[in-house]
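J.: Take this sequence and fold it.
(one chain, ligands or ions: 2)
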Amino acid sequence: MSMELPPDDELELDADGDLAPVSKEKKKARLNKHLSFARKKHINTYNDKQNKKRKKPDITKHNAKEFVDTYVEASKVIDEKVNVITSDVKDFLTEYYPETIEDKKVAWEPFPGPQTQFLSSDEDEVLFSGGRAPGKSDALMMDALRYCGNKDFRGLVIRKAMKDLRDLIKRAKDLYPLCYPGTKWKEQEKLFVFPSGATIEFGYCDHEDDVGQYQGQEYTWLGIDELTQLHLEETYEKLIASVRKSGAGLKNYIRATTNPNGPGKNWVKKRFVDKGGMGKTITISTFIPQLNRTIVTTRKWIHGVVFDNPKIMKERPEYIAMLQNIDNAILRKQWLEGDWDSADGLAFDEFDRKSHVIEPFDIPQEWYRFRACDWGYKTKAVNLWLAVDYDGQVYVYRELVTTNVLAKDFGDKIRQIEDEAGERIRYGILDASAWSQRGENAPPPAEDMGLVWRPSDRGAHSRLTGKLQVHNFLQKDPLTGEPKLKIFNTCTDLIGCLTSLPISDTNPEDVNTKVDDHSYDALRYGLMSRPRMNNNYNFYNQQSEQPVVYNTSFGY
Ligand SMILES: Nc1ncnc2c1ncn2[C@@H]1O[C@H](COP(=O)(O)OP(=O)(O)O)[C@@H](O)[C@H]1O
Ligand SMILES: [Mg+2]
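T.: Ligands and ions are numbered 1, 2, ... in the order given. Okay, here's the model as predicted:
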């Protein structure tokens with residue numbers, strides 16, 4: 001009885017990295033090795049298997065490269081050099097060499113759902129957020145391990161405080177040597193050294209000064225557990241600057257996990273959560289003038305809850321009961337659901353994605369449309385487009401957000417968007433200060449934009465009445481259960497702003513204006529213009545039965 005040879009067109013990478021047919025000798029030698037291994041180890045099961053016909057891999061020119069890659073990884077497993085099996089290798093072995101993995105015990109395998117999603121992500125930066133115990137920390141540590149067969153791999157796992165780091169190290173000491181037999185832990189350097197030469201270092205970052213010790217180093221992979229423990233985005237940026245080590249077959253990755261509370265909540269939320277939605281690839285293009293090139297990097301946000309951990313569901317349901325019994329509603333929400341939108345001191349804590357955020361739809365031509373804008377050059381400029389239906393229901397259906405864009409270009413962009421959409425915009429309302437900012441010889445930005453605007457109300461209590469108006473629109477009607485304001489899910493800046501804007505420290509009736517509140521301001525101006533279907537202001541003729549341009553000194 002003999003093992004069938006794979007087809008003659010089997011390919012491998014030659015010394016130059018090209019695909020070339022595997023020589024007959026090499027192929028035979030490899031198969032003989034596998035055969036003797038199988039005979040020695042699994043003689044009985046092997047004999048059984050002979051009764052079943054072994055499948056032959058179908059190699060085509062499209063899957064040849066992938067097949068070779070999988071084959072190389074599978075050979076390592078067959079030769080017992082590695083105990084880490086990715087799902088494609090597992091499928092391959094199960095299909096073609098089942099006897100080699102039949103009696104192997106699985107040391108660790110990702111849970112279906114967010115953990116699997118996290119481990120299979122290819123984006124440059126990935127955040128795994130969530131409530132307690134979906135398996136965030138385990139996923140982080142095991143993600144690094146996948147590359148430890150490569151001698152050039154240098155991983156760094158960071159946790160803010162040393163004492164928390166110990167728990168991670170303890171878990172890694174259990175798992176790492178199981179996956180790569182022969183792995184050594186060096187206590188002094190807080191470093192795992194793998195048989196290939198790859199290393200994973202464990203470090204803390206309690207103070208700004210601690211960053212220094214990592215800055216001089218180069219890493220291939222960085223993982224930060226509990227990211228919101230870092231107060232400042234700058235600390236994170238300094239850490240990721242050391243992820244630049246290259247090596248054959250290695251890409252640089254940054255991975256992080258977090259609970260949605262902690263001092264760094266706002267910047268983490270803005271960087272990952274507010275950018276485009278769960279599980280979606282976020283693309284960031286950065287133009288680097290010195291290189292005259294645009295560099296594209298990618299990010300992703302993955303979210304999990306305790307119900308994604310089948311081990312806890314099965315073995316410790318009392319833990320879930322404990323979470324459900326937490327008295328403090330906000331803490332309960334954060335630990336159980338990992339909810340990013342619930343926090344102490346939010347200005348709009350009634351905001352609820354399920355009712356206020358909707359999938360975009362085509363707005364009927366007849367609906368009343370207008371725009372609202374908060375102008376800023378160095379800070380942010382935000383223009384929101386709103387529509388009102390026959391029942392007075394308001395929809396924010398588009399946003400334009402820029403920084404460092406001149407007023408004229410911003411105005412051109414707005415006009416271009418409206419022209420392309422063929423929309424009739426009935427009026428525009430703009431931050432009144434856009435008339436009073438003026439350069440040496442330059443016209444104020446409101447004029448520079450070259451569009452027709454009404455100035456926002458700058459009256460004594462306009463900020464506070466404006467905030468009340470936003471609350472009024474967010475409030476759900478007791479009869480229908482629906483709010484008067486709905487926002488298309490494409491307006492990510494506005495949604496991010498409303499779900500994170502804190503109450504002012506000094507005036508509990510206003511929002512904290514020290515944070516990015518530009519989208520909120522634009523919305524406030526828009527809603528303060530009391531939008532109605534039958535608004536009698538004629539935008540095109542610039543006249544109305546009632547005088548609505550109440551501050552004529554603005555000149556428009
Ligand atoms: N894929 C897995 N297989 C087995 N146990 C797991 C797995 N993922 C997580 N666990 C276990 O579940 C528990 C919670 O996981 P952990 O990573 O600490 O959660 P989190 O960091 O999200 O709070 C831990 O005991 C951990 O070892
Ligand atoms: Mg954890």
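
J.: Just list the residues touching residue 126, thanks.
T.: Contact analysis of residue 126 by Cβ atoms under 8 Å, 6 or more residues apart in numbering lists 118, 253, 254, 255, 256, 299, 300, 301, 302. (Glycine included, C-beta is placed from N, CA and C.)

J.: can you rerun that using 7 Å?
T.: 118, 255, 300, 302 (Cβ atoms under 7 Å, 6 or more residues apart in numbering).

J.: Is it in a helix, a strand, or coil?
T.: strand (DSSP: H, G, I helix; E, B strand; the rest coil).

J.: how close does it get to ligand 1?
T.: Counting by Cβ to the nearest ligand atom, to the nearest Å, the separation of residue 126 from ligand 1 is 14 Å.

J.: which stretches of the stretch 451-556 of the chain form strands?
T.: Along the stretch 451-556 of the chain, counting by DSSP state E, counting those that start in this stretch, strands occupy 454-455, 485-488, 537-538, 543-544.

J.: mean pLDDT for these: which is lowest?
T.: With a mean of 40, strand 543-544 has the lowest mean pLDDT of the strands of the stretch 451-556 of the chain.

J.: Name the residues of the chain found near ligand 2, please.
T.: 136, 137 (Cβ under 5 Å from the ion).

J.: May I ask which helix or strand of the chain has the lowest mean pLDDT?
T.: When the helices and strands of the chain are scored by mean pLDDT, DSSP states H and E, strand 543-544 comes last with a mean of 40.

J.: Give the burial count for the closest residue to ligand 1 within the stretch 201-350 of the chain, as a bare number.
T.: Closest residue of the stretch 201-350 of the chain to ligand 1, Cβ to the nearest ligand atom: residue 311 (4.8 Å). When neighbours are counted by other Cβ atoms under 10 Å, residue 311 registers 11.

J.: per-residue confidence at the closest residue to it other than its chain neighbours?
T.: What sits nearest to residue 311 in space, not counting adjacent residues and going by Cβ to Cβ, 6 or more residues apart in numbering, is residue 111, at 7.6 Å. Per-residue confidence (pLDDT) for residue 111: 94.

J.: now residue 483
T.: Residue 483 carries a pLDDT value of 95.

J.: wait, isn't it in contact with residue 474?
T.: Yes. Applying Cβ atoms under 7 Å, one finds residue 483 in contact with residue 474, separated by 5.4 Å.

J.: joint contacts of the two?
T.: residue 356.

J.: Return the residues of this structure in contact with ligand 1.
T.: 108-111, 115, 132-138, 309, 311-312 (Cβ under 6 Å from any ligand atom).

J.: what's the spacing between the residue in the stretch 351-500 of the chain positioned nearest to ligand 2 and residue 512?
T.: Scanning the stretch 351-500 of the chain for the residue nearest ligand 2 gives residue 500, at 22.9 Å (criterion: Cβ to the ion). Note on residue 500: its distance to residue 512, by Cβ to Cβ, to the nearest Å, is 10 Å.

J.: Comparing those two, which residue is more hemmed in?
T.: For residue 500 and residue 512, the more surrounded residue by other Cβ under 10 Å is residue 500, and the numbers stand at 24 against 15.

J.: Can you give me every residue that contacts that one?
T.: By Cβ under 7 Å, 6+ apart, the contact set of residue 500 is 266, 269.

J.: coming back round to it: PyMOL command to pick out the buried ones of the contacts of residue 126?
T.: Burial among those is assessed by 16 or more other Cβ atoms under 10 Å; the matching PyMOL selection reads:
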select buried, resi 118+255+300+302
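
J.: Kindly indicate which of the contacts of residue 126 lies nearest residue 61.
T.: Distance to residue 61 across the contacts of residue 126 (Cβ to Cβ) is lowest for residue 300, with 31.7 Å.

J.: Would you verify that that closest one is located in a strand?
T.: Yes. Residue 300 forms part of a strand when assessed by three-state DSSP.

J.: With adjacent residues omitted, what lies nearest to it?
T.: Distances taken as Cβ to Cβ, 6+ apart put residue 123 closest to residue 300, at 4.3 Å, once the chain neighbours are dropped.

J.: how near is that neighbour to ligand 2?
T.: 21 Å (Cβ to the ion, to the nearest Å).

J.: So for the strand or helix carrying residue 95, what gets flagged as buried?
T.: Using DSSP states H and E, residue 95 sits in helix 87-96. For helix 87-96, the neighbour count (16+ other Cβ under 10 Å) marks 89, 90, 92, 93, 96 as buried.
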